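1. need coordinates for the below:
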Amino acid sequence: MQWRQTMGIMTLQCDLEESNISQEDVSVKLSSCQLQVQVKGKPFATMTGFLQGTVLPHTSWWMLHRQAAKRRSMGVDAVVEKFTIIVELSKAKHRAWPKLWHTHEMKHKAARAGYAWTMPMEEAQDFDERTQLQDLSPGPPIRSRTHALGDEGPKHSFLFAPDDMVIGLRTSQDNRSFTIEVHFEGEALAVVQGIIPLEELLAADIFEDKVSIFLRGDEQNPVLWAALNGRCLPKESKWKLITSDAFRSRQRNPAAPGIALQIVVAKQKTNYGQWSKLFSSCLQHQLMLKNYDELEELVESLKGDEDDSVRLSPAEREDYQKRLSEWKEDRYEGLVGAQTLPRTVELGFSMQRAQLAA
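-> The predicted structure follows:
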């Protein structure tokens with residue numbers, strides 16, 4: 001068996017000896033820490049065991065790949081079908097695994113039941129959910145907000161907008177490179193990772209004279225689009241996820257670590273040194289709501305009052321309705337000097353880019 005990985009995906013691939021096999025003959029089951037494969041009702045040990053890390057079963061998938069191959073027998077070449085099982089696992093955390101299988105003498109961390117000695121701990125006990133093997137469906141999963149909530153809706157390429165999870169932008173530079181950071185709200189990012197691996201969502205186009213950072217499916221409304229004040233080397237650009245305290249105070253839970261996408265771009269040799277400013281022009285998407293909790297409280301209170309009319313007094317109900325009618329969105333600030341544009345589904349930033357170029 002062969003396996004390879006990225007920071008968000010682990011892919012396993014193994015050829016089968018059988019020449020007459022169908023998709024119905026293969027069974028793949030997965031929990032957050034264990035993979036189990038059977039072929040024609042028999043355990044396929046090569047692809048079965050406890051995994052080194054933890055995965056998300058509902059966003060993982062497998063397929064039976066078939067291709068024509070030649071087999072020489074008695075001096076004659078015969079065309080046969082070669083079957084390969086491919087399993088793609090979505091990692092629960094964006095990090096590299098040192099190895100595929102858990103071979104330590106102790107149980108896998110996710111498979112340890114633990115002991116709950118308080119009522120809240122008993123309610124939070126999710127051991128069965130973590131370790132229960134689930135049948136894995138063949139073919140790529142449907143990744144959408146509606147499907148994540150249990151609705152069998154059509155697959156949409158648009159999943160998230162920047163203002164769903166971005167709380168801050170930051171830039172810096174030295175003599176040889178410049179850095180752009182996109183900071184995310186921790187709880188919102190956890191929801192996103194439960195639906196799609198970050199490497200399939202986050203994207204950036206780096207050109208010699210401009211940069212565009214966007215979410216796949218929402219390319220028309222980038223997180224940041226900027227014309228550079230110098231020239232860079234796109235091929236030497238690097239990206240990674242980092243922890244940062246820069247905008248931790250903006251999170252719902254300030255005690256949680258702040259996560260950010262960091263993109264480091266090398267300057268061309270003829271443009272070494274400190275630039276007077278990084279961008280000659282800059283457009284950015286609106287960031288998350290700063291006062292969303294207030295809106296949520298008003299809406300939930302009035303919704304609960306509709307179900308139970310005695311929940312609020314007439315005076316309280318009138319006060320909530322007034323505050324809701326007067327509520328105005330207040331968003332986090334982005335880069336200083338950047339132009340924040342409202343979302344436009346049809347044109348996005350394309351018209352603005354054309355005007356900017358002109």
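2. can you pull out the strands in the stretch 1-150 of the chain?
-> Assigned strands in the stretch 1-150 of the chain, in chain order: 2-5, 9-15, 26-30, 34-39, 42-43, 49-50, 61-73, 76-90, 134-135 (criterion: DSSP state E, counting those that start in this stretch).
3. just checking, what packs against the first one?
-> In this case it means strand 2-5. strand 9-15 (3 or more C-beta pairs under 8 Å, 6 or more residues apart in numbering; DSSP states H and E). (C-beta placed from N, C-alpha, C; glycine too.)
4. quick check: which element contains residue 293?
-> helix 292-307 (DSSP states H and E).
5. alpha carbons only: can I get the helix or strand that that helix is followed by in PDB?
-> Using DSSP H and E, the helix or strand that follows helix 292-307 towards the C-terminus is helix 314-326. Backbone C-alpha positions of helix 314-326 (Å, rounded to 0.1, in the frame of the first residue of the first chain) are rendered in PDB as follows:
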ATOM      1  CA  PRO A 314     -45.300  44.000  27.000                       C
ATOM      2  CA  ALA A 315     -42.700  46.600  27.900                       C
ATOM      3  CA  GLU A 316     -39.800  44.200  27.400                       C
ATOM      4  CA  ARG A 317     -41.200  43.000  24.100                       C
ATOM      5  CA  GLU A 318     -41.600  46.600  22.900                       C
ATOM      6  CA  ASP A 319     -38.000  47.400  24.000                       C
ATOM      7  CA  TYR A 320     -36.600  44.300  22.100                       C
ATOM      8  CA  GLN A 321     -38.500  45.200  18.900                       C
ATOM      9  CA  LYS A 322     -37.300  48.800  19.100                       C
ATOM     10  CA  ARG A 323     -33.700  47.800  19.600                       C
ATOM     11  CA  LEU A 324     -33.900  45.300  16.700                       C
ATOM     12  CA  SER A 325     -35.400  48.000  14.400                       C
ATOM     13  CA  GLU A 326     -32.500  50.400  15.400                       C
END
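6. each with direction, which strands does the next helix or strand after helix 314-326 pair with?
-> Counting by DSSP H and E, the element after helix 314-326 in chain order, helix or strand, is strand 339-341. Strand pairing for strand 339-341, determined by DSSP bridges: strand 279-285 (parallel).
7. got the angle for the helix holding residue 293 vs helix 314-326?
-> 140 degrees (axes from the mean of the first three to the mean of the last three C-alpha atoms, to 10 degrees).
8. list the buried ones in helix 292-307?
-> Within helix 292-307, the residues scored as buried using 16 or more other C-beta atoms under 10 Å are 295, 298, 301, 302, 305.
9. and it, what does it pack against?
-> helix 314-326.
10. elements contacting the helix it packs on?
-> helix 292-307.
11. export the strands of the stretch 1-150 of the chain to TSV and tack on mean pLDDT, mean neighbour count and distance to residue 221?
-> As requested, the strands of the stretch 1-150 of the chain are exported to TSV (pLDDT from 0 to 100; neighbours: other C-beta atoms under 10 Å; distance: least, C-beta to C-beta, whole Å):
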stretch	mean pLDDT	mean neighbour count	distance to residue 221
strand 2-5	96	13	31
strand 9-15	95	17	26
strand 26-30	95	20	35
strand 34-39	95	20	38
strand 42-43	93	10	48
strand 49-50	94	16	42
strand 61-73	80	13	29
strand 76-90	83	16	25
strand 134-135	87	12	35
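12. now for residue 239, how many residues are close by?
-> 18 (other C-beta atoms under 10 Å).
13. the one 3 residues further on now?
-> Using other C-beta under 10 Å, residue 242 has 13 other residues around it.
14. that one pairs with what?
-> Applying DSSP bridges, one finds that residue 242 bridges with residue 260.
15. returning to what we had before: pLDDT for the buried residues of helix 292-307 - can I get that in CSV?
-> Output for these, formatted as CSV (pLDDT from 0 to 100):
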residue, pLDDT
295, 80
298, 80
301, 80
302, 79
305, 70
